[in-house]
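Colleague: 3D, please:
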Amino acid sequence: MNWMLFWVTLMMAYLIGSFPTALVYSRIWHGVDIRTLGDGNMGARNTKRQFGMKAGVFVAFTDILKGIAAMYLAALADLPLEGKLAAGVLVILGHDFPIFAHFKGGQGFATTSGVFIYLFPIPAAIGGMIYAVLMLLTHNSDLAASLAMGQLFLYQLFSGASLLVMAFIVLTLLFVPLKQWMDKSRRQIILQEHS
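Modeller: Have a look, this model is predicted:
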């Protein structure tokens, strides 16, 4: 295996994830920093709340493409399964902690979805339908995302996926609530400092 290509590909995956879609959108089209608005999150949900559905869909779609692009790059580099999974982790970490935005990024749901769409297209498609239906019925993104991603985990489990793949799915799914907790804690600290 070409180790130079391996490490360059993983670095590129992180850099792709680091592209701050919501921040670039908010600055170019609205002249503001999305991180100063709403809950301060640099993701599609906060973008939708601040600028409307079209803006939120644009940011979500672009962030999904980041995940797909990183996985496609790993496939082009002919990385082994472990390398592809590492690229998936790094593109998500790039979104959550982007070097181009002082390591203050989004919560990673859209980028994780992109990674899953590339790696697990059938359960990802089912998860997308579950998410869409539940969003229409409940308007609760966290609930819809949890059930959609939970379905993907169960699908892979009953399909006989390897322990490595299952560990990857669990790890990446845990990133979202962990990042939510980190962002909430950071906001509480900021509020306490200004109170």
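
Colleague: run through this protein and note the low-pLDDT ranges.
Modeller: Applying pLDDT under 70 to the chain flags residues 190-191, 193-195.

Colleague: buried sites along the longest helix along it?
Modeller: Ranked by number of residues, the top helix in the chain under DSSP state H is helix 163-193. Of all the residues in helix 163-193, those buried under the rule 16 or more other C-beta atoms under 10 Å are Val165, Phe168, Ile169, Thr172, Leu173, Phe175, Val176, Lys179, Gln180, Asp183. Quick note: C-beta positions are derived from backbone N, CA and C, even for glycine.

Colleague: now swap in stretch 141-155 and tell me
Modeller: Ala144, Ala145, Ser146, Leu147, Ala148, Met149, Gln151, Leu152, Phe153, Tyr155.

Colleague: export only the CA atoms of that stretch, formatted as CSV.
Modeller: Extracted C-alpha coordinates of stretch 141-155, given in CSV (Å, rounded to 0.1, in the frame of the first residue of the first chain):
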residue,chain,number,x,y,z
SER,A,141,-35.3,16.6,13.9
ASP,A,142,-33.5,14.9,16.8
LEU,A,143,-36.2,12.2,17.0
ALA,A,144,-36.3,11.7,13.3
ALA,A,145,-32.5,11.5,13.0
SER,A,146,-32.2,9.1,15.9
LEU,A,147,-34.8,6.6,14.5
ALA,A,148,-33.4,6.9,10.9
MET,A,149,-29.8,6.3,12.1
GLY,A,150,-31.0,3.5,14.5
GLN,A,151,-32.6,1.8,11.6
LEU,A,152,-29.3,1.9,9.7
PHE,A,153,-27.5,0.3,12.7
LEU,A,154,-30.0,-2.5,12.9
TYR,A,155,-30.0,-3.1,9.1
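
Colleague: list the contacts of it.
Modeller: For stretch 141-155, contacts defined as C-beta atoms under 8 Å, 6 or more residues apart in numbering pick out 45, 109, 112, 116, 120, 122-124, 126-128, 130-132, 134-135, 138, 166, 169-170, 173, 176.
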